[in-house]
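Peer 1: Provided below for reference: sequence and predicted model.
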Amino acid sequence: MDTSDVRTRFAPSPTGFMHIGNLRTALYAYLFAKKSRGRFILRIEDTDRERHVEDAVKAIYAVLRLTGLQHDEGPDVGGSCGPYTQSERKHLYERYAKELVAGGRAYYCFCTKERLDTLTDDTGNRRYDKRCLHLSKAEVEEKLAAGLPWVIRQNVPQEGVTTFSDMVYGEISVENRELHDNVLLKSDGFPTYNFANVVDDHLMAITHVFRGMEYLSSTPNYNMLYDAFGWATPRYVHLPHIMKDKHHKLSKRHGDANVEDFIAKGFLPEAILNYVALLGWNPKSEVEKFTLRELVQAFDVSGISKSSAVFDEAKLRWLNAQYLRELPPQQFHELAAPYYGAISTPVDLNLLSALLQPRVSALSDIPDAAGFADRFEGYSLALFDHAGSKSSVALAKEALPAVIASLESLAGWSNDALFGALEQLALQRDLKKKQLLWIVRIAVSGCLSTPGGASEMCALLGKAQALERMRQSLSRLRSA
RNA sequence: GGCCCAUUCGUCUAUCGGUUAGGACGCAAGAUUCUCAUUCUUGAAAGAGGAGUUCGAUUCUCCUAUGGGCUACCA
């Protein structure tokens, strides 16, 4: 049950995939709404036909579904303020723009691109000179009748100061003369973001606007629009940017910022969400691990920081590893299964999952971690030389026959039985346990690093295969 | 260029005038371990610079520097 009028919205433009920054904006808007027992709305801002990307909307739905940020209203789920896709609301904007024209708060502009270009100053900036504002009503009618292309521009007063309050950045004032007569309605009849966001946020009764801080400097323009219509302004929550590094914003040009890519790389949506929540927001406690539910409880706008944050994949990996380890073994196994697809050697996959779960930090680490399975042939014999365990090629050649003989007659092939047998054999031959186990592990895996120790590797491969590999290693040692 | 915003360890951050400036990731060292990893312990690591205000500034004010954003018929 809703118990408040709080309504937030996530309003992406379908110009590409969802990146980490988009996700965080959606998350904060969602958390704020849910914490206030309000509603979270999805609105698709597709007013730029040129940058429109076909499957972008699908990607938005996919990410919201995967991360659990369920919207209460939106193009796909409906709601009382629809339609929720701006291209389907086109007629509305024109009506409202004309209302503004009638009230003198906006005006038709017929200036050509060429003329606009002449308005560019020494520093390469352009500022419209309000020329068309001074057209008489008759002149406007005449041009309109002649079928000249037109746009509608906001009529911004050039004197005075506009002040607004942002819940993150505090009070911000801008001299009105710094503001431009933005285009509200484009010549193709579509509204610009500068207009559509105001009309829609009002019509959809949005109470709190969450968006990137790049809109901070144009917010005075928007407030003038609200005032012109006689509408109440929403509360603003501008968010600091997420950076790829010290100097560059996370950009869609880099596939690594794509939320779906991270999921494909074996990061759990819960971990991504958790990490992203902490990028630019602090819970005022030292807790770092939060479920979505817990985030809803803990979220507070006062914890949002003002400065931008650099995205750190290392920390995401660490968090993801925490999540992976807490998974019920069976669930981890199911998630890992797709990554076993490339393994052709028969191994005990359930056991492999059990060994892998505490040691991978992303599911995509699995193929590499399980490299022993298919990368056995032709491994370097130098691996038998290991100072730490005092083992060597010579020792391997000498000890392996006994290992093979001993294990061939081993009754069970469990990890415990194997470990016991190897331990005993080491004792008999007066070898350090470490020495023998190193040799066996290499002989059976051919890898410096494996998901388990010698006995575990043997158990993983099964009796026939493990013994076969040992014989193969022995013969290579002998002929070397 | 103009305007807006920001500036604490490499990174994410705590501190809301008085702290040995705390935590986390990463990094290093040690311990544990049948490898690597895990786990545990320890360590190195920060207030951009300069003026003020104040008994006292990381914290408040101003200037400078640096970074980011906006300055589109993109959002």
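Peer 2: Okay, I see it. Numbers count the residues shown, from 1 in each chain, chains lettered A, B, ... in the order given.
Peer 1: show me what the strand or helix carrying A:I152 is packed up against.
Peer 2: Assigned by DSSP states H and E, A:I152 falls within strand A:151-154. Counting contacts by 3 or more CB pairs under 8 Å, 6 or more residues apart in numbering; DSSP states H and E, strand A:151-154 packs against helix A:90-102, strand A:106-109, strand A:183-185, helix A:219-229. The C-beta positions use only the backbone N, C-alpha and C, and glycine is treated the same way.
Peer 1: doesn't A:T8 fall inside a strand?
Peer 2: Yes. Under DSSP: H, G, I helix; E, B strand; the rest coil, A:T8 sits within a strand.
Peer 1: any idea how far it is from RNA strand B?
Peer 2: The gap separating A:T8 from RNA strand B is 16 Å, by CB to the nearest atom of the strand, to the nearest Å.
Peer 1: just to revisit the earlier point, what's next to the strand holding A:I152, contact-wise?
Peer 2: Defining contact as CB atoms under 8 Å, 6 or more residues apart in numbering, one finds that strand A:151-154 is touched by A:97-98, A:100-101, A:105-109, A:128, A:132-133, A:181-187, A:194-195, A:221, A:224-225.
Peer 1: identify the residues contacting the residue in the stretch 351-480 of chain A positioned nearest to RNA strand B.
Peer 2: Per CB to the nearest atom of the strand, A:G453 is where the stretch 351-480 of chain A lies closest to RNA strand B, at 2.3 Å. Applying CB under 8 Å, 6+ apart to A:G453 gives the contacts A:F419, A:L437, A:R441.
Peer 1: my guess is A:V156 contacts A:L184. True?
Peer 2: No. Counting by CB atoms under 8 Å, A:V156 stays clear of A:L184, with 11.0 Å between them.
Peer 1: per-residue confidence for the residue lying farthest from the centre of chain A?
Peer 2: Most distant from the centre of chain A: A:Q428, at 56.2 Å, with distances by CA atoms, centre = their mean. pLDDT, A:Q428: 93.
Peer 1: any idea how far A:S406 is from it?
Peer 2: For A:Q428, the distance to A:S406 (CB to CB, to the nearest Å) stands at 9 Å.
Peer 1: over to A:A277?
Peer 2: Taken as CB to CB, the span from A:A277 to A:S406 is 54 Å.
Peer 1: A:I41 in helix, strand or coil?
Peer 2: What three-state DSSP gives for A:I41 is strand.
Peer 1: tell me what it is bridged to.
Peer 2: A:R9, A:E73 (DSSP bridges).
Peer 1: ok, for A:T163, nearest residue in space, not its chain neighbours?
Peer 2: Of all residues not flanking A:T163 in the chain, A:S173 sits nearest, at 4.3 Å (CB to CB, 6 or more residues apart in numbering).
Peer 1: which ones are touching the one you found?
Peer 2: Contacts of A:S173 by CB under 8 Å, 6+ apart are A:V161, A:T162, A:T163.
Peer 1: who is the first one paired with across the strands?
Peer 2: I take that to be A:V161. Under the criterion used (DSSP bridges), A:V161 bridges to A:E175.
Peer 1: surely it meets A:N176?
Peer 2: Yes. With contact defined as CB under 8 Å, A:V161 and A:N176 form a contacting pair (6.4 Å).
Peer 1: more crowded one of these two?
Peer 2: The neighbour comparison of A:V161 against A:N176 (other CB atoms under 10 Å) goes to A:N176, with 15 against 11.
Peer 1: read off the pLDDT value for that one.
Peer 2: At A:N176, pLDDT is 95.
Peer 1: for it, give me its contacts.
Peer 2: A:V156, A:P157, A:Q158, A:E159, A:G160, A:V161, A:T162, A:P220.
Peer 1: what's the least confident helix or strand in chain A, going by average pLDDT?
Peer 2: helix A:113-118 (a mean of 91; mean pLDDT, DSSP states H and E).
Peer 1: distance to A:E45 and pLDDT for the contacts of A:S173 - can I get that in CSV?
Peer 2: Formatted as CSV, those follow (distance: CB to CB, whole Å; pLDDT from 0 to 100):
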residue, distance to A:E45, pLDDT
A:V161, 29, 93
A:T162, 24, 95
A:T163, 27, 94
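Peer 1: how about the residue nearest to A:G452 when sequence neighbours are not counted, secondary structure?
Peer 2: If the residues on either side of it in the chain are set aside, A:G452 comes closest to A:L355, at 4.6 Å by CB to CB, 6+ apart. On the three-state scheme (three-state DSSP), A:L355 is labelled helix.
Peer 1: and the stretch 301-450 of chain A, which residues reach RNA strand B?
Peer 2: Residues of the stretch 301-450 of chain A lying near RNA strand B by CB under 7 Å from any atom of the strand: A:303, A:305-310, A:312, A:314-315, A:317-318, A:325, A:358-359, A:388-389, A:415, A:419, A:433-434, A:437-438, A:441, A:448-450.
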